[in-house]
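Participant: sequence and computational prediction follow.
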Amino acid sequence: MKLIELSPPGKKVITGTLTFTSEDIIRFARKFDPQPFHVDAEAARNYVFGDLCASGWHTCAGWMKVFMSYWMTEYARLKQEGVEPPKLGPSAGFRKLQWLKPVYVGDTITYSTTLLESRPLASRPGTWINTTLNDGVNQHGEAVMRYEGTVLEFE
Amino acid sequence: MEARYFFEDFVPGGVFPLAPKQVTAEEIIEFAQEFDPQPMHLDEAAGKASILGGLSASGWHTASMFMRMMFDGWLSQSSSEGSPGVDAMEWRKPVLAGDTLSGRSTVLESRALRSRPGIGIVKFLHEVENQRGDVVMRGENPIMIRMRAAPEAAE
């Protein structure tokens, strides 16, 4: 089964939620993005974001984490129903990533993915490239993150 | 840390080196376990069997490592106020365990932000290479950077 058969273009799939704790925000930021507003609540007050907030890369990694959890469940469900799940591969990158609002301590982000298009790769027969619109929305209904991702799919 | 680089120091064509980074198998697996548990990011044999050709970092891990390389290379010495997003990022080659990454941020353009006096937005081209000189990641992104405080009015 191809992804486009499982999830028609334009259909938004909610993949799940992730709550950003102070501990998780600081742990990620200390490793990858130790700017003051991602590691120190007191210092954060002197910056544009105004309070401790997650690195944008943490918000993106959170999308991936929630998607993988969704996908593993979906994969098992299809197998159980005797359907061969789409063979998804790596991604070549993304476009138009917007960090629309900061993700603050205690925010719960609901992530989703919408298939935009699926096209065969001329350079690699038997391989398709899927473009998806991926979103994150906080508990107030405000969009915090959006990007157009790509994922390879094999025959 | 007292900032050395302000908005005014980022002129088109300016080049700011990223700090080098050695990528370990342990870090690749640790990131993948939390955020992107696909076989090629968790296991050497599965990586070898994939089109990536070895235990390879999640694209989000590569992006996060790039963030730290940028922080250590120059961002920590700047008056950065964070970023609204990433126009495009390409994961052009796999980042494999044992790779040593290096690279640079090049200023493409800069302008004052009308909505936030005292802050400008600088657009960069970021390039990350491995030890063989292959570009593994390339991205374009705007960063908000505070202007040098106007000297006290010399009246």
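Facilitator: Arrived safely, thanks for sending. Numbering: from 1, shown residues only, chains lettered A, B, ... in the order given.
Participant: let's verify the spatially most central residue of chain A: helix, strand, or coil?
Facilitator: Residue closest to the mean C-alpha point of chain A, counted by C-alpha atoms, centre = their mean, is A:Trp63 at 2.4 Å. Secondary structure for A:Trp63, judged by DSSP: H, G, I helix; E, B strand; the rest coil, is helix.
Participant: quick check: next helix or strand after the longest helix seen in chain B?
Facilitator: Assignment by DSSP state H gives helix B:59-73 as the longest helix of chain B. Beyond helix B:59-73 in the direction of the C-terminus, DSSP states H and E gives the next helix or strand as strand B:85-91.
Participant: what strands flank that following strand, and is each parallel or antiparallel?
Facilitator: According to DSSP bridges, strand B:85-91 has the following sheet partners: strand A:93-99 (antiparallel), strand B:135-146 (antiparallel).
Participant: using PDB, write down the CA coordinates of the first one.
Facilitator: C-alpha atoms of strand A:93-99 as PDB (Å, rounded to 0.1, in the frame of the first residue of the first chain):
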ATOM      1  CA  GLY A  93      14.900  18.000   4.300                       C
ATOM      2  CA  PHE A  94      12.100  20.500   4.700                       C
ATOM      3  CA  ARG A  95      10.900  23.900   3.700                       C
ATOM      4  CA  LYS A  96       9.100  26.900   5.200                       C
ATOM      5  CA  LEU A  97       9.600  25.900   8.800                       C
ATOM      6  CA  GLN A  98       7.900  28.600  11.000                       C
ATOM      7  CA  TRP A  99       8.200  28.800  14.700                       C
END
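Participant: ok, and the closest non-adjacent residue to the residue nearest to the centre of chain A?
Facilitator: A:Tyr111 (5.0 Å; C-beta to C-beta, 6 or more residues apart in numbering or on different chains). The C-beta positions use only the backbone N, C-alpha and C, and glycine is treated the same way.
Participant: what does A:Glu153 give?
Facilitator: A:Trp128 (4.4 Å).
Participant: show me where chain A has its helices.
Facilitator: A:3-6, A:22-32, A:36-39, A:41-44, A:56-80.
Participant: show me what the longest one is packed against.
Facilitator: Where contact means 3 or more C-beta pairs under 8 Å, 6 or more residues apart in numbering or on different chains; DSSP states H and E, helix A:56-80 is packed against strand A:12-19, helix A:22-32, strand A:93-99, strand A:108-120, strand A:127-137, strand A:143-154, helix B:25-35, helix B:59-73.
Participant: can you tell me which of these is nearest to A:Phe67?
Facilitator: strand A:12-19 (5.0 Å; C-beta to C-beta).
Participant: show residues contacting that closest one.
Facilitator: A:7, A:62-63, A:65-67, A:69-71, A:106-114, A:135 (C-beta atoms under 8 Å, 6 or more residues apart in numbering or on different chains).
Participant: so which of the helices and strands packed on helix A:56-80 is nearest B:Pro117?
Facilitator: strand A:93-99 (21.6 Å).
Participant: and that closest one, how far out from the chain's middle?
Facilitator: 10 Å (C-alpha atoms, centre = their mean, to the nearest Å).
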